[in-house]
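*Asks:* sequence and predicted structure, then a few things I'm wondering about:
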Amino acid sequence: MFRISTLVIKLALVIVLLASCVSSAPSTSPTGGETGSDAAAGTPKLGGTLTVALDGEIDTIDPHKSVTIVAFQVQQSIFESLVQSTPTLDGVEPELAESWEQVDDVTYVFKLLQGVKFHNGKDFKAEDVKFSFDRIMDDKTGSSRKPDFTPVKSLEIVDDYTVKFTLNAPYGPFLTKLESLTILPNDPAMDITKTPIGTGPFTFVEWVTGQNITLKKNPNYRIAGQPYLDEVIFRPIPEPSTRVVELQSGNVDLLNTLPSKDVETLKADANIAVYAIDGVVRDHIGFNMEKAPFKDNPNLRKAIGWAIDRQTIVDSIMYGLASPAQVAIPTSNWGYDATTEGAFGYDLEKAKEFYAQADPKPTELTVKVSPTYPEEIKMAELLQQDLAKIGINLKIEQREWSTWIDEVVSKGDYEVEIVLISGGSDPDDFFYQWHHTGEVFNIWRYSDPEMDKMLEDARSSVDQAARKELYAKIQQKLIADAPLIHIIYRQSVIAARAALKDFVMTGRYDMDFRKVWLDQ
């Protein structure tokens with residue numbers, strides 16, 4: 001899964017965050033096992049090891065370069081930023097910043113926390129903010145986060161604990177994008193892939209590829225008394241059924257994501273708690289816009305769009321833990337355009353009409369999916385049946401997750417792909433880096449000058465009404481151009497042992513373990 005805040009994600013993980021983008025508050029009251037209120041009533045117990053099953057291997061430990069949700073989930077325990085998203089994803093709150101002031105439309109001054117230390121003992125200061133920003137903006141770094149900060153003209157050190165950002169023009173999502181500015185110590189010689197150093201609640205111990213990532217408690221963490229845990233171990237377990245068995249047997253304490261088919265079974269287990277919340281994750285089918293048969297062939301793309309049986313996917317594949325989607329942005333977000341509702345439906349006669357107008361008109365296509373997300377294999381199989389009815393043989397190729405990332409994201413070696421991606425809270429999080437020409441998350445290689453200008457104008461304004469109007473036009477154009485077609489919005493669902501207490505579930509699968517403890 002990608003994070004966008006944000007390459008994904010950052011095909012972005014994580015990227016990212018002003019108005020509400022989820023329809024419910026963060027979940028602290030799981031179903032099954034004990035309730036969140038029971039857990040909150042207890043006194044936190046110190047110590048213990050939390051073992052987390054990840055649905056895949058992280059791409060990199062470097063927060064400036066990672067593009068996957070699993071990497072974001074690991075990095076949250078090691079690194080921090082000036083701001084962090086609120087649990088409801090409706091804004092940001094201070095993290096390493098003590099406070100900030102918006103001097104005018106293009107100037108922001110941040111006061112930094114004092115007395116914070118990196119894991120190597122270095123004091124956190126303004127020079128570290130400057131170093132981290134410059135590293136992201138340096139083309140040699142190849143940071144997936146750079147697009148978040150291209151509107152920034154300069155970052156100046158005012159004093160050891162004050163920095164000033166000057167923008168080229170007003171930038172509506174600036175504060176939410178600052179969560180992507182992960183702070184590293186000012187040490188150009190540091191190899192972050194070997195010694196990842198941050199200010200977070202846990203310090204890095206080791207990463208054994210394919211086996212585990214081990215973190216230990218930071219004894220000098222800036223929040224007194226936290227974290228409660230002694231150790232966190234992340235285990236990549238790509239096979240969904242194996243993850244579930246490991247949870248049921250007590251070998252892991254938390255699953256970073258849960259297959260929909262297992263939700264009801266685990267809810268009935270008194271030893272397990274299931275957390276579910278409306279989120280910012282959506283599944284789509286995407287097309288390679290640089291190559292035949294999809295290049296300059298919108299009718300072929302729309303034919304596929306009308307052959308997707310979204311309601312059957314919601315009911316039979318997602319077990320009701322989803323809703324049909326037309327566009328990237330959730331319906332609860334202020335930037336959502338309600339006129340897009342029904343833009344695509346399930347109508348094989350319309351699919352045949354668009355297919356008849358397609359040029360070229362292929363009789364065989366190949367879709368790449370990953371067994372890391374088994375529901376998407378089932379989506380491809382359902383689509384395979386329906387496309388056969390309009391004259392297209394859809395071949396399904398499964399790729400291990402890292403191979404899928406390499407072939408689809410990095411190399412563009414695909415015709416059709418199905419994957420889930422994540423978002424943030426500002427509409428920019430759902431559109432700019434996914435659809436602007438040349439952006440790393442734009443895996444469809446979509447390029448349109450009119451779209452580029454609208455995306456640039458929408459993020460260069462602080463007038464919400466004007467931005468809303470632009471985002472409506474952006475959504476309408478994306479439906480007309482159809483570089484990708486959305487399938488469903490997912491509920492974010494995870495499961496944990498009932499002994500896990502005070503975990504807060506968010507709509508983008510955050511893994512904040514500062515206040516988490518084990519009742520055992």
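*Replies:* Cool, got the structure.
*Asks:* what mean pLDDT does whichever strand or helix holds Ser323 get?
*Replies:* Counting by DSSP states H and E, the element that carries Ser323 is strand 322-324. Taken as a whole, strand 322-324 has a mean pLDDT of 95.
*Asks:* tell me what that strand is packed against?
*Replies:* Packing partners of strand 322-324 (3 or more CB pairs under 8 Å, 6 or more residues apart in numbering; DSSP states H and E): strand 484-497. All C-beta spots, glycine's among them, are computed from the backbone N, C-alpha and C.
*Asks:* related to what we said a few turns ago, CA atoms only: put the helix or strand following the strand holding Ser323 into PDB for me.
*Replies:* Next helix or strand after strand 322-324 toward the C-terminus (DSSP H and E): helix 348-357. Only the C-alpha atoms of helix 348-357 are listed here, as PDB (Å, rounded to 0.1, in the frame of the first residue of the first chain):
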ATOM      1  CA  LEU A 348     -21.800  -4.000 -19.700                       C
ATOM      2  CA  GLU A 349     -23.800  -2.500 -22.500                       C
ATOM      3  CA  LYS A 350     -22.100   0.900 -22.000                       C
ATOM      4  CA  ALA A 351     -18.800  -1.000 -21.600                       C
ATOM      5  CA  LYS A 352     -19.400  -2.600 -25.000                       C
ATOM      6  CA  GLU A 353     -20.200   0.800 -26.500                       C
ATOM      7  CA  PHE A 354     -17.000   2.400 -25.300                       C
ATOM      8  CA  TYR A 355     -15.000  -0.700 -26.400                       C
ATOM      9  CA  ALA A 356     -16.500  -0.500 -29.900                       C
ATOM     10  CA  GLN A 357     -15.100   3.100 -30.100                       C
END
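*Asks:* where along the stretch 251-400 of the chain do the strands fall?
*Replies:* 254-255, 272-287, 322-324, 364-369, 393-398 (DSSP state E, counting those that start in this stretch).
*Asks:* list the buried residues in the second one.
*Replies:* Judged by neighbour count using 16 or more other CB atoms under 10 Å, the buried positions of strand 272-287 are 272-287.
*Asks:* check stretch 356-369 too.
*Replies:* In stretch 356-369, counting by 16+ other CB under 10 Å, buried: Ala358, Pro362, Leu365, Val367, Lys368, Val369.
*Asks:* hang on, the earlier thing: the strand holding Ser323 pairs with which strands, parallel or anti?
*Replies:* Under the criterion DSSP bridges, strand 322-324 sits next to strand 484-497 (antiparallel) in its sheet.
*Asks:* what's the strand holding Ser323 in contact with?
*Replies:* Identification of contacts with strand 322-324 by CB atoms under 8 Å, 6 or more residues apart in numbering yields Ser260, Arg310, Gln311, Ile313, Val314, Ile487, Ile488, Tyr489, Arg490, Gln491.
*Asks:* same check, this time on stretch 193-202
*Replies:* So stretch 193-202 is contacted by 60-62, 76-80, 96, 116-120, 124, 182-185, 187, 190, 204, 215-218, 221-223, 226-227, 229, 232, 513-514 (CB under 8 Å, 6+ apart).
*Asks:* export stretch 236-255 as CSV, just CAs?
*Replies:* The C-alpha coordinates for stretch 236-255 follow below in CSV (Å, rounded to 0.1, in the frame of the first residue of the first chain):
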residue,chain,number,x,y,z
PRO,A,236,7.1,-9.0,7.6
ILE,A,237,4.6,-11.7,6.9
PRO,A,238,3.2,-11.3,3.3
GLU,A,239,0.8,-14.2,3.5
PRO,A,240,-2.5,-12.9,5.0
SER,A,241,-3.7,-16.2,6.4
THR,A,242,-0.3,-16.8,8.1
ARG,A,243,-0.6,-13.3,9.7
VAL,A,244,-4.0,-14.2,11.1
VAL,A,245,-2.8,-17.6,12.5
GLU,A,246,0.2,-15.9,14.1
LEU,A,247,-2.2,-13.5,15.9
GLN,A,248,-4.5,-16.2,17.0
SER,A,249,-1.6,-18.3,18.3
GLY,A,250,-0.2,-15.3,20.2
ASN,A,251,3.0,-15.1,18.3
VAL,A,252,2.3,-11.6,17.2
ASP,A,253,0.3,-8.9,19.1
LEU,A,254,-0.8,-6.6,16.2
LEU,A,255,-1.6,-7.0,12.5
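*Asks:* excluding its own residues, what touches that stretch? List them.
*Replies:* Here stretch 236-255 makes contact (CB under 8 Å, 6+ apart) with 50-58, 70, 210-212, 235, 258-259, 262, 266, 269, 271-272, 371-372, 374, 400-401, 494-497, 499-500, 503, 518.
*Asks:* kindly report the same for stretch 465-475.
*Replies:* Under CB under 8 Å, 6+ apart, the answer for stretch 465-475 is 172, 327-329, 334-337, 339-340, 427, 431, 435, 451, 454-455, 457-458, 461.
*Asks:* weed out the non-buried ones from these.
*Replies:* For the contacts of stretch 465-475, a burial check counting by 16+ other CB under 10 Å picks out 172, 327-329, 334-337, 340, 427, 431, 435, 451, 454-455, 458, 461.
*Asks:* just give me the neighbour total for the closest residue to Val367 other than its chain neighbours.
*Replies:* Counting by CB to CB, 6 or more residues apart in numbering, Val416 is the residue found nearest to Val367 once chain neighbours are left out, at 4.1 Å. Here the count is done by other CB atoms under 10 Å, and Val416 has 25 residues near it.
*Asks:* how much space separates Val416 from Thr203?
*Replies:* As judged by CB to CB, to the nearest Å, Val416 and Thr203 stand 43 Å apart.
*Asks:* what of Phe287?
*Replies:* Using CB to CB, we find Phe287 at a distance of 43 Å from Thr203.
*Asks:* what's the answer for Asp55, then?
*Replies:* Separation of Asp55 from Thr203 (CB to CB) stands at 24 Å.
*Asks:* ok so, going back, of the contacts of stretch 236-255, which belong to helices?
*Replies:* Val70, Leu266, Pro374, Trp401 (DSSP state H).
*Asks:* from those, which single one is nearest Gly423?
*Replies:* Set against Gly423, the nearest of those by CB to CB is Val70 (16.7 Å).
*Asks:* pLDDT weak spots in the stretch 401-520 of the chain?
*Replies:* For the stretch 401-520 of the chain, no stretch has pLDDT under 70.
*Asks:* got the residue ranges for the helices in it?
*Replies:* Counting by DSSP state H, counting those that start in this stretch, the stretch 401-520 of the chain has these helices, from start to end: 401-404, 428-435, 449-459, 464-481.
*Asks:* next, the angle from the last one to helix 428-435.
*Replies:* I take that to be helix 464-481. When axes from the mean of the first three to the mean of the last three CA atoms, to 10 degrees is applied, the directions of helix 464-481 and helix 428-435 differ by 40 degrees.
*Asks:* CA atoms of helix 464-481 as PDB?
*Replies:* Written as PDB, here are the backbone C-alpha positions of helix 464-481 (Å, rounded to 0.1, in the frame of the first residue of the first chain):
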ATOM      1  CA  GLN A 464     -11.000  27.400   0.400                       C
ATOM      2  CA  ALA A 465     -14.000  28.300  -1.800                       C
ATOM      3  CA  ALA A 466     -11.700  28.900  -4.800                       C
ATOM      4  CA  ARG A 467      -9.800  25.700  -4.100                       C
ATOM      5  CA  LYS A 468     -13.000  23.700  -3.800                       C
ATOM      6  CA  GLU A 469     -14.100  25.000  -7.300                       C
ATOM      7  CA  LEU A 470     -10.700  23.900  -8.700                       C
ATOM      8  CA  TYR A 471     -10.800  20.500  -7.100                       C
ATOM      9  CA  ALA A 472     -14.300  19.900  -8.600                       C
ATOM     10  CA  LYS A 473     -12.900  20.700 -12.100                       C
ATOM     11  CA  ILE A 474      -9.900  18.400 -11.400                       C
ATOM     12  CA  GLN A 475     -12.200  15.500 -10.400                       C
ATOM     13  CA  GLN A 476     -14.400  16.000 -13.400                       C
ATOM     14  CA  LYS A 477     -11.400  16.100 -15.800                       C
ATOM     15  CA  LEU A 478      -9.900  12.900 -14.200                       C
ATOM     16  CA  ILE A 479     -13.200  11.100 -14.800                       C
ATOM     17  CA  ALA A 480     -13.200  12.300 -18.500                       C
ATOM     18  CA  ASP A 481      -9.500  11.400 -19.000                       C
END
